[in-house]
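*Asks:* After the sequence you'll find the predicted model.
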Amino acid sequence: MSEKFKSGFVTLIGRPNVGKSTLMNQIIGQKIAITSAKPQTTRNQIRTVYTDEERGQIIFLDTPGIHKAKNKLGEYMVNVAESTLDAVDVVIWLVEPGTFIGPGEQHIIDILQKVKVPVILVINKIDKVKKPEVLTIIDTYRQLYDFAEIIPASAINGEGTDVIVDMIFKYLPYGPMYYDEETVTDQQMRQIAAEIIREKALRCLNDEIPHGIAVTIEVFRERKGGALWDIEASIICEKDSHKGIVIGKGGAMLKKIGSYARQDIEDMMQAQVNLKLFVKVRKGWRDNPAQLRGLGYDSKDIK
């Protein structure tokens, strides 16, 4: 290990659906955090590890989008996102390309005024605007806050991600390797499998349902020989009417979700998977602290 080895913690913040998980997956080089076109996809802090043997190690904290909470789950997500700002070496703030600074962005700027570490602004999704517009957007944000760096990028196609990594290493302190170089996440496969199932449900279901679902893994067992895993999971929804929609006519929707999820889980585990999905109703679970804890949300961030 080089004497000039750097290491530290970096949090990704931003409004929901700005591309934080996509950026993290792109930098790490494999899928760790789930993504979808729907806001509030990420609910917990997800920790991933990027190791460069010469330069150092970056531990990324992907957080839920910062938004105005409408229930206990929403409050939990905002608490998770904002609490990371006091425990990292660099903050990455992702924004979409635009010069309109709405209340959501202004709220984040107000939060950043208390931050004592370098803040790097990443203007994501620049593939959606013309290049001259990017300069105007940079100028707009530069007047609002003293950013360490401002980087245009497109997480979906990898444009600008190398620059982001370079700039993170520029501001990280010298330090030890926290994880061995093979580690890419501190999440257990069981957790990732549950998140993959939730992602497929988010992608397949109507807009009014996804925020009201969670996934629990009931069985996660390797058969003798190691070539096949049995996984049984429950999709939790809030209303009886939602249960019917998740199952679909003749079970078609549940089969669709399961088929897509099984493919991704098999790719992740490099093994065959026998996946069985069930649907359960827990009314009002997003506003019930006890149920949130039971579903694995960290107690310290539930008020």
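*Replies:* Received it, and whenever you're ready, just let me know what you need. Residues are numbered from 1 along each chain as shown.

*Asks:* right, and the helix or strand after the least confident helix or strand in the chain by mean pLDDT?
*Replies:* Least confident element among the helices and strands of the chain, by mean pLDDT, DSSP states H and E: helix 72-83 (a mean of 57). Counting by DSSP states H and E, the next helix or strand C-terminal to helix 72-83 is strand 90-95.

*Asks:* Specify the angle between the next helix or strand along the chain from that following strand and strand 90-95 in degrees.
*Replies:* Moving toward the C-terminus from strand 90-95, the next helix or strand (DSSP H and E) is helix 103-112. Helix 103-112 and strand 90-95 are oriented at 170 degrees to each other (axes from the mean of the first three to the mean of the last three C-alpha atoms, to 10 degrees).

*Asks:* List every C-alpha atom in helix 103-112, with coordinates, as CSV.
*Replies:* Taking Å, rounded to 0.1, in the frame of the first residue of the first chain, the C-alpha atoms of helix 103-112 are listed here in CSV:
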residue,chain,number,x,y,z
PRO,A,103,-37.6,25.2,-2.5
GLY,A,104,-36.1,21.7,-2.5
GLU,A,105,-32.7,23.0,-3.7
GLN,A,106,-32.8,26.0,-1.4
HIS,A,107,-33.5,23.7,1.6
ILE,A,108,-30.4,21.7,0.7
ILE,A,109,-28.3,24.9,0.4
ASP,A,110,-29.5,25.9,3.8
ILE,A,111,-28.4,22.5,5.2
LEU,A,112,-25.0,22.8,3.5
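
*Asks:* Identify each buried residue in it, please.
*Replies:* 104-105, 108, 111-112 (16 or more other C-beta atoms under 10 Å). For every residue, glycine as well, the C-beta is placed using N, CA and C.

*Asks:* what number of residues lie near residue 126?
*Replies:* 22 (other C-beta atoms under 10 Å).

*Asks:* Next, the closest residue to it other than its chain neighbours: phi, psi?
*Replies:* Excluding its sequence neighbours, the residue lying closest to residue 126 (C-beta to C-beta, 6 or more residues apart in numbering) is residue 152, at 4.6 Å. Main-chain dihedrals, residue 152, degrees, to the nearest 10: phi -80, psi 140.

*Asks:* now residue 152: how far from residue 140?
*Replies:* 13 Å (C-beta to C-beta, to the nearest Å).

*Asks:* circling back: least confident pick among the buried residues of helix 103-112?
*Replies:* Checked by pLDDT, the buried residues of helix 103-112 have residue 104 as the lowest-scoring entry (81).

*Asks:* so it makes contact with residue 15?
*Replies:* Yes - counting by C-beta atoms under 8 Å, residue 104 touches residue 15, with 4.8 Å between them.

*Asks:* Alpha carbons of stretch 6-22, in CSV - could you do that?
*Replies:* The C-alpha coordinates for stretch 6-22 follow below in CSV (Å, rounded to 0.1, in the frame of the first residue of the first chain):
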residue,chain,number,x,y,z
LYS,A,6,-6.0,8.2,0.9
SER,A,7,-9.2,7.0,2.4
GLY,A,8,-12.4,8.4,3.7
PHE,A,9,-16.2,8.7,3.6
VAL,A,10,-18.3,10.4,1.0
THR,A,11,-22.0,11.0,1.1
LEU,A,12,-24.2,11.5,-1.9
ILE,A,13,-27.1,13.8,-1.3
GLY,A,14,-29.8,15.4,-3.4
ARG,A,15,-33.5,15.5,-4.1
PRO,A,16,-35.3,12.2,-4.9
ASN,A,17,-34.7,10.7,-8.3
VAL,A,18,-31.7,12.9,-9.2
GLY,A,19,-29.4,9.9,-10.0
LYS,A,20,-27.5,9.2,-6.8
SER,A,21,-27.8,5.4,-6.9
THR,A,22,-27.1,5.4,-10.6
